[in-house]
Structures are given as C-alpha cells and as structure tokens.
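Visitor: quick one, what's the 3D model for this:
(chains A and B)
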Amino acid sequence: MNIDYNKLKTRSRLIRGIRDFFNTRDFLEVDTPLLSPELIPEPSIENFRTRLVSPYNDGHELYLIPSPEIWMKQLLADGSGDIFQICKSFRNSEQISPVHNPEFTMLEWYKTGITAEENITLTEELTAHLALPSTPEACRPPFRQMTMEEAFVEFAGFSLEENIEFPALTAQLRAHQIPAGESEGWEVLFHKLFLTLVEPELPQDRPLVLKNYPSRLKTLSKDIPGTPWSERWELYMRGTEIANCYTEETDPVKIREYFRSESLEKTDHALVPVESGSSWVEKLAGFPESSGVAIGVDRLITALTGDKSIQGVILFPLDDILPISKKQPE
Amino acid sequence: MGQIKAGSIAKGTFLLEKDIPFIVVEREFVNPGKGSAFCRLKLKNLRTGAVLKVTHKTQDIVEEIDVIDVASQFLYADGESYHFMNADTYDQYEIPMASMEDMQYFLREGESYKVVRWGEESLDIKLPPKMDLIVTEAEEAVKGDTVQGATKYVKVETGLTVKVPIFIKEGEKIRINVETKEYQERVNN
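Guide: Presented below is the predicted three-dimensional model:
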C-alpha cells in the first residue's frame, strides 16, 4: 500500500481543529443517520439506494444521505440550538475526478439567529483557525466577496438581472455560441452560461465568496424580497466550490412548495427514484431563523494542504479500490 | 459518424459542432452544488485553430466524428499548410498551419506521421508523446559552473528552444515531451 502517513496526520489534525473550533463556540456536535428512509428531493443529485432485509417481512428501502441536512434540520426545528456534524455523505453518478469521490466527508453547521452574510465571517474564522504554515495564499483569509450579478457583468460582459428572463438568456447563449436544446429548463441555461463564461474566470488569488444566487435555482434558502436573488453563497478556493450557505427558509408554505415541485422534477429525471417524505415538511414546523453551511471537508483539506486532488487526502479513494478501474479516460 | 452522450467525451475526441470539426483539448466534469451534471469543454476548430468554449449537460447528445489514421510522409511546410503524402497511395494531404500551433517543432521532412483523416479532409497530425531531437545550437558550459540543477537554453534541429541541464552539448540527441515541449533526458546512441 502506498499511504502517506504525514498527510494522514495532517488530515487528522485538521479534523480535530474543526471540532475544537465549534466546541469552543458552544455548538453541539451531533451524529445523525447515514441511512435514511427518505431524503430531501434534489433533482440534480443521484442517490445510493439500499434495502433493509428481514426474514419476517418485506423490509424497507433506505438511502445513503447525500448530506446530513434532512436530519440536522429536524433537530433545529426541535430546538437543538447551534449544531455541527462531520460525517460521510454519498452522491451517485458523479464522475470520479480530482474534486469528486462518490463517498466523501461533509462538515455541516447551523447557527440560529444569524444570516448567510454573518456566516461568511464565521467561515473566514474557521479557515484562519485551520490554516497551516504551508497553506497557499489563495486559500487563506481574508475572503474576497462578489455578487453573482457583479461576476456576470465583469466576466460574461452582460447583466444577468437584465437578461434573467428566458428569451434574453437564450439570446445570450446564442451570442456566445453555446449550444442548448430547445426544451432546456432555466437552470440548465443559467449553468451553461455561468460554467462557460463566468466560473473559469473567477479570481483565484484569494478565497472567493460568490453571493446572491438567482432565486430561480430552487433551494431551501430565503429570497431577497423585490430582487431575483436569494440569500445563498458559495465559497470558491482555487476555482473549486468548497462550501455552500443559505439563510434558511422558515416559511412553511414555501418549504411545502419546494418539496412539491422538486419531488415532481426528481421523479421525472432521477436514475434512482427516492422517497421524499412529506412527513418531513410537518416536522419542520417552527423552524428557527438560522443559517447553515455545508463544506466538502476533503476539498477543504486539499486546499489547505495545497494538494491538487481530493484523492491525495482521502484514504482508499474509490477509483483505487474498484476491482476493475472505472476511471474515465483523460 | 456517431451520436454520443457528452459525458463520454474525452480529451482528444473529435466532435462536430454546427458542421465544423473540432478536437477536444480540455474536458472537465462540473457538478454545481445545486445543478445538473455538466462537462466543460475547450474545443479547437480544426480548420482555423480558433478555440471555442462550451458546456454540455453530461446527458446532451453530441456528434462524434469517425476518423481514420493514415500513415503519411511529411513533405514540407509552405507558410500556410503542412504537406504530407500518403505512404501507400501517394495522395497528397494539406493541413492548415493555423490550426496546428507549434507543430513545425516536431515535424522532420521525409519522416512518417499519422495524419487524421475525416472523409476528404485532413484534421490533425498525431505525434508520439516523446520525440528525440538533435541539439544544433548550444553554448559551452562555463567552467566551474557546477551548481546542482544549473540549466541553459539550446536549440534543436526543428528550431525549438528547450531548457536543458548544463551538460548537454551540441550534436547530442535529447528526448522531449511533445505536449509540454520540455526536456526529459539525454539519449545515448
């Protein structure tokens, strides 16, 4: 075996550093199920499904969680207060690459009484707390901040706000020679423009918080009233998404509507159909004003150590342990 | 010609976009946090050399071009095109120089290469990953300059300038990585 024990020690130290950071700020560490009978319907994520078998009855379908969100939010609704968790999460059907492994480590925290904006500071403090002597400048605080609208104006050369309706967005795709099918949804058109023209150009000299995502990308984040934006940001380091944050939606009507529309969409497209529990919507009644952040820990460690690929900082990456390599040709 | 899903595109795949042949120079899978699975491509127009950046959903259908490799002898370059001759049929092929940046550094007259043909059109020249070339211009190492890792620049027979260790002399053969154009090792005859 070819295990780099120095890297392993650094990983262990960083994960301990995360725990110290949240413990000293009075967050409660929680440990929620990885096997779940229902999931939040997220049409863009494919899931792993398995089965609880029994000699006495039919058993039950279970899913490996793509993030601990569904369980942590139930705790918050129940009045847990500030919580954090470091756990494995699972996403199916993503291509194995320097930033993807089907099983990965996620850090997720929720702090009550704050907004996504205030969580930027907390994330910056966490990064400062974890930074190693060898951490590249590009992965150290202070963070740069930019809104999605500013990024489009600067790197795509047009205002997303002024082109946010379907016909204008389609015209922009055509103007930039980006092929798109006639029946594509708004999400696909947006991402084709964003991923081709904007994301590769984002500044990489410092970590970047890209904030105010279009509210047409359906998430459980709050909309900014009177604008096409929502209170959501993503943290980029060296061009890779590291973290995602919302001011969490608390309006039960909007939460129910999210479940309804996303369940339909998921049923239409998913390779692995999932149970997206309506009971869960009821359990969220009384959800507190709060903001949550999810961080891909393997990606964060890769950034902090200056590594190039998450396969360098995780033990036994799937590509190495599959009996026949399913590696994509380069 | 075949229809393939964009998710199966690899670096080096030949594609047809709007009736123009392209080669995939870079391919990267991107799964935005809250979005579908995409692959981001950098394509080179094989007629003009122009670079086109596009993003496909991995489920999108794209047109792959069926190409064949034809062993051909490099004849000469005339400033606009590279000229090759099919080793079996003696047919002559032209490939616009504009689409083959820096290719001249790896072509030697009279040598055989693989020309990538699509119907009646020559799209690309396949080079081996490494090539051995003779150093034609090199400064003498300065006596006493024994610093470990000291380097200098030399020119090889095709005109390419390469950074090499200080001990490399004129007339020697060196192995060069074709993609990075970097020195790899000295080749002993």
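Visitor: hey, let's count contacts and neighbours off CA atoms from now on
Guide: Fine.
Visitor: residue B:44: what's its closest spatial neighbour, skipping adjacent residues?
Guide: With C-alpha to C-alpha, 6 or more residues apart in numbering or on different chains as the criterion, residue B:44 has its nearest non-adjacent residue at 4.6 Å, and that residue is residue B:51.
Visitor: can you pull the contacts of that neighbour?
Guide: Contact analysis of residue B:51 by C-alpha atoms under 8 Å, 6 or more residues apart in numbering or on different chains lists B:42-45.
Visitor: and the furthest pair within these?
Guide: Using C-alpha to C-alpha, the contacts of residue B:51 span at most 10.0 Å, a distance reached by B:42 and B:45.
Visitor: picking up where we left off before, what score does the residue nearest to residue B:44 have for pLDDT?
Guide: Here, the pLDDT recorded for residue B:51 equals 93.
Visitor: by proximity to chain A, which residue of chain B wins?
Guide: residue B:36 (4.7 Å; C-alpha to the nearest C-alpha).
Visitor: correct me if wrong, but that residue is in a strand.
Guide: No: read with DSSP: H, G, I helix; E, B strand; the rest coil, residue B:36 is coil and lies in no strand.
Visitor: residues from the stretch 51-200 of chain A in reach of chain B?
Guide: Taking C-alpha under 8 Å from any C-alpha of the partner chain as the contact definition, the stretch 51-200 of chain A meets chain B at A:94-95, A:97, A:177-180, A:187-188, A:191-193, A:195-196.
Visitor: now do stretch A:150-161: distance to the chain's middle.
Guide: What separates the centre of stretch A:150-161 from the centre of its chain is 23 Å, taken as C-alpha atoms, centre = their mean, to the nearest Å.
Visitor: which outside residues touch stretch A:100-111?
Guide: Under the contact criterion C-alpha under 8 Å, 6+ apart, stretch A:100-111 has outside partners A:67-69, A:81-96, A:290-298, A:310-311, A:317-318.
Visitor: avg pLDDT for stretch A:170-182?
Guide: 92.
Visitor: from residue A:23, how far out is the residue of chain A at minimum distance from chain B?
Guide: Residue nearest to chain B within chain A: residue A:44 (4.7 Å; C-alpha to the nearest C-alpha). As for residue A:44, its distance to residue A:23 is 33 Å (criterion: C-alpha to C-alpha, to the nearest Å).
Visitor: compare those two (neighbour count), which wins?
Guide: Set residue A:44 next to residue A:23 and count neighbours by other C-alpha atoms under 10 Å in any protein chain shown: residue A:44 wins out with 18 against 14.
Visitor: surely the more buried one meets residue B:35?
Guide: Yes: under the criterion of C-alpha atoms under 8 Å, residue A:44 makes contact with residue B:35 at 5.2 Å.
Visitor: for chain A, what are the nearby residues on chain B?
Guide: Applying C-alpha under 8 Å from any C-alpha, we find that chain B lies next to chain A at B:10-11, B:29, B:31-37, B:40, B:53-57.
Visitor: not counting residues beside it along the chain, what's closest to residue 93?
Guide: All of this refers to chain A. In space, residue A:93 is closest to residue A:46, 6.1 Å off (C-alpha to C-alpha, 6+ apart).
Visitor: wrong chain, I was asking about chain B
Guide: In space, and not counting its chain neighbours, residue B:93 is closest to residue B:84: 5.0 Å by C-alpha to C-alpha, 6+ apart.
Visitor: count of residues packed around the nearest residue to residue A:53 once chain neighbours are set aside?
Guide: Nearest non-adjacent residue to residue A:53, counting by C-alpha to C-alpha, 6+ apart: residue A:59, 4.6 Å away. Applying other C-alpha under 10 Å, we find 11 residues neighbouring residue A:59.
Visitor: and residue A:195, by the same measure?
Guide: Using other C-alpha under 10 Å, the number of residues around residue A:195 comes to 21.
Visitor: for residue A:266, same thing?
Guide: When neighbours are counted by other C-alpha under 10 Å, residue A:266 registers 20.
Visitor: so it, which of the three states?
Guide: Under three-state DSSP, residue A:266 comes out as helix.
Visitor: tell me the SS of the nearest residue to it once chain neighbours are set aside?
Guide: Excluding the flanking residues, the one nearest residue A:266 by C-alpha to C-alpha, 6+ apart is residue A:43, at 4.3 Å. Secondary structure, three-state DSSP: residue A:43 is coil.
Visitor: still on that earlier bit, for the residue nearest to residue B:93, pull up the helix or strand it's in.
Guide: strand B:81-86 (DSSP states H and E).
Visitor: avg pLDDT for that strand?
Guide: For strand B:81-86, mean pLDDT is 94.
Visitor: export that strand as CSV, just CAs?
Guide: Coordinates of each C-alpha in strand B:81-86 appear next as CSV, following Å, rounded to 0.1, in the frame of the first residue of the first chain:
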residue,chain,number,x,y,z
SER,B,81,-0.1,24.5,-44.9
TYR,B,82,1.8,21.4,-44.0
HIS,B,83,2.0,19.0,-46.9
PHE,B,84,2.0,15.2,-46.4
MET,B,85,2.0,12.2,-48.8
ASN,B,86,0.1,9.0,-48.1
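Visitor: got the buried residues for the host helix or strand of residue A:75?
Guide: According to DSSP H and E, residue A:75 maps onto helix A:69-78. With burial defined by 16 or more other C-alpha atoms under 10 Å in any protein chain shown, the residues of helix A:69-78 counted as buried are A:69-77.
Visitor: want to try JSON lines for these, with pLDDT as columns?
Guide: As requested, the buried residues of helix A:69-78 are arranged in JSON lines below (pLDDT from 0 to 100):
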{"residue": "A:69", "pLDDT": "95"}
{"residue": "A:70", "pLDDT": "92"}
{"residue": "A:71", "pLDDT": "94"}
{"residue": "A:72", "pLDDT": "97"}
{"residue": "A:73", "pLDDT": "95"}
{"residue": "A:74", "pLDDT": "93"}
{"residue": "A:75", "pLDDT": "96"}
{"residue": "A:76", "pLDDT": "96"}
{"residue": "A:77", "pLDDT": "95"}
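Visitor: now do the same for residue B:174: helix, strand or coil?
Guide: strand.
Visitor: looks like it contacts residue B:181 (just checking).
Guide: No: between residue B:174 and residue B:181 there is no contact under C-alpha under 8 Å: 11.7 Å.
Visitor: show me where the stretch 151-300 of chain A has its strands.
Guide: A:208-214, A:229-237, A:240-247, A:290-296 (DSSP state E, counting those that start in this stretch).
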